[in-house]
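> Below is the sequence, then the predicted model.
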Amino acid sequence: MPKTTILKQKYYILPVIIIAQFFCTSLWFAGNVVIDDLAIQFNVKFDLLGYLISSVQLGFIIGTLTFALLTLVDRFSPSRVFLISAILGSICNILLLVPNTTVFNILIARFGTGFFLAGIYPVGMKIASDYYKDGLGKALGYLVGALVLGTALPHLIKELAWNSNYKLIIQSTSLLAVTGGLLVFFLVPNGPYRKPVSKLQLGVVTELFNIPGFRRAAFGYFGHMWELYAFWGFVPLLLKTYAAKQQMGVPISLWSFIIIGIGFFSCILGGYISLKTGSKKVARNSLLISGILCICSPILFQLPSTFFLTILCIWGMMVISDSPQFSTLVAAVSPPELRGTALTIVNCIGFAITIISIQLISFLAQLIDPTYVFVCLAIGPFVGLYASRK
């Protein structure tokens, strides 16, 4: 398709990618939301939630590493990669409903879901970067916002009237993922700024990290990732701990959706602000605020419920608003023909870091008072601030 024709279609391209990302990333926390229903089938003496979250993250890490080393997104049509990954990810998700399953099979199914999410989230950003040379920070703000809503969606589904049947949560998220893949495949052709590579380049990771600007942006992103998924994954723990301390009822699923989902708005707002101030400033300010909230987290449990929930919403906004801006910085300093691989490898390492922080929170929550465990998440934001300071 001629470049001029594609550029005219650009205004509907981004909404399609946003909707597709929203649909497909609903797979991410689908297993977490139904964990209580799954856990009653087994008699386990370990924290199944922590392992469930880490299985998805580990699958995503292996997936992104595979995609990056084989430069799949830069060698083949990103839209086709997106569709295939959406279909296979939805199949892995639906495997949670296999009768008489085991804990091992559930963890493998979640691993598979994470693996194929590697062909959805970073690939969606790659597709956007192929269309938007200018204003990429704004475009990625919308895309990461879609990821946020997709991640939070299973919590909302559970809160709705038909949440009594946990199977519907898994079935609906799998159906949404396939729909998102089809939307991208049929409505989003290769972008005008795509520069495919014709052969395998196994040394590409070393080449990218030799670029100083790439290193700074990447390490800032890694600090952000230390906090992000540990916070998202244990928002229900935050709420349950507060409810127990204050001896009051809190609708856990509803507020989990709100606290995670509100990041959609901060990603979009940060994207617009980046047009005036630059992506780096938005990213660093978000890191600073979320880092301060990590340090102050023990105090939050002493606050009245209105203040507690309001601050958690602010935290939910700041913990994610830097993500699209760091991705923008990574894309901006990467060679155009390796942009998809650059975004994928940064995601790979970032998600590897999340496993450490998730397991640390899971371990500490059983060892000490849960009100203190989230302080350790401050390590990430302040390391990210230091790494991206120049």
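Looks like it arrived, so ask away.

> quick one: S174 and A86 touch, right?
No. Counting by Cβ atoms under 8 Å, A86 is not a contact partner of S174; they are 9.7 Å apart. Quick note: C-beta positions are derived from backbone N, CA and C, even for glycine.

> who's more crowded, the two?
A86 (30 against 25; other Cβ atoms under 10 Å).

> now that one: how far from L117?
As judged by Cβ to Cβ, to the nearest Å, A86 and L117 stand 9 Å apart.

> How about A352?
According to Cβ to Cβ, A352 stands 14 Å off from L117.

> before we move on, back to that, could you name every residue contacting both of A86 and L117?
Contact criterion Cβ atoms under 8 Å, 6 or more residues apart in numbering; residues bridging A86 and L117 by contacting each: C24.

> Measure how buried I211 is and give me the count.
Neighbour count for I211, taken as other Cβ under 10 Å: 16.

> who's in contact with the closest residue to it other than its chain neighbours?
Closest residue to I211 apart from its sequence neighbours, by Cβ to Cβ, 6 or more residues apart in numbering: V333 at 5.8 Å. V333 makes contact with 211, 213-214, 217, according to Cβ under 8 Å, 6+ apart.

> Is it correct that A177 is in contact with C24?
Yes. Between A177 and C24 there is a contact under Cβ under 8 Å: 4.7 Å.

> circling back to that earlier point, so which of the contacts of V333 wins on neighbours?
Using other Cβ under 10 Å as the neighbour test, those are led by A217, with 28 neighbours.

> Check it and give its pLDDT.
Reported pLDDT at A217 in the predicted model: 93.

> again with P370
88.

> How about the contacts made by it?
Residues in contact with P370 (Cβ under 8 Å, 6+ apart) are 237, 241.

> swap the cut-off to 6 Å and go again
Contact analysis of P370 by Cβ atoms under 6 Å, 6 or more residues apart in numbering lists T241.

> can you give me phi and psi for it?
With angles defined as degrees, to the nearest 10, P370 sits at phi -60, psi -20.

> now swap in the one 3 residues further on and tell me
Backbone torsions of V373, given as degrees, to the nearest 10, read phi -70, psi -30.

> Looks like it contacts I361 (just checking).
Yes. When contacts are counted by Cβ atoms under 6 Å, V373 is listed as touching I361 (5.5 Å).

> what residue is smack in the middle of the protein?
Central residue of the chain (Cα atoms, centre = their mean): L147, 5.9 Å from the mean position.

> Figure out the helix or strand that that residue lives in.
helix 136-159 (DSSP states H and E).

> From the rest of the structure, what touches that helix?
14, 18, 21-22, 25-26, 28-30, 33, 124-125, 128-129, 132, 169, 253-254, 256-257, 260-261, 263-264, 267-268, 270-272, 274-275, 279, 320, 323-325, 327-328.

> how far is it from where the chain is centred?
Its chain's C-alpha centre and that of helix 136-159 lie 8 Å apart, by Cα atoms, centre = their mean, to the nearest Å.

> Report the mean per-residue pLDDT for it.
Per-residue pLDDT over helix 136-159 has a mean of 82.

> One more: stretch 17-28?
91.

> And for F76, the neighbour number?
By the measure other Cβ under 10 Å, the count of residues near F76 is 14.

> Give me the pLDDT value at it.
At F76, the pLDDT value in this model is 85.

> for S321, same thing?
For S321, the model assigns a pLDDT of 94.

> distance of it from W315?
Separation of S321 from W315 (Cβ to Cβ) stands at 11 Å.

> So for these two, which residue has more residues nearby?
Shown here are S321 and W315; by other Cβ under 10 Å, S321 has more neighbours (31 against 26).

> Pull up the gap between the more buried one and L140, please.
11 Å.

> and if you look at A283?
According to Cβ to Cβ, A283 stands 11 Å off from L140.

> Hey, what's the angle from the longest helix anywhere in the chain to helix 136-159? Just curious.
The longest helix of the chain (DSSP state H) is helix 339-367. For helix 339-367 against helix 136-159, the angle by axes from the mean of the first three to the mean of the last three Cα atoms, to 10 degrees is 40 degrees.

> helices and strands around helix 339-367, which ones?
Using 3 or more Cβ pairs under 6 Å, 6 or more residues apart in numbering; DSSP states H and E as the contact test, the elements touching helix 339-367 are helix 48-69, helix 72-75, helix 121-131, helix 204-209, helix 212-233, helix 323-333.

> and the angle for the last one with helix 212-233?
Okay, so that is helix 323-333. Going by the same axes, to 10 degrees, helix 323-333 makes 160 degrees with helix 212-233.

> again with the first one
Interaxial angle, helix 48-69 versus helix 212-233 (the same axes, to 10 degrees): 160 degrees.

> Identify all contacting residues around helix 48-69.
When contacts are defined by Cβ under 6 Å, 6+ apart, helix 48-69 is touched by residues 31, 35, 39, 107, 110-111, 113-115, 117-118, 233, 341, 344-345, 347-348, 351-352, 354-355, 358, 362.

> ok, the nearest residue in space to A378 that is not next to it in sequence - how many residues close by?
Spatial nearest neighbour of A378, excluding adjacent residues (Cβ to Cβ, 6+ apart): C294 at 3.7 Å. As a burial measure, C294 scores 23 neighbours (other Cβ under 10 Å).
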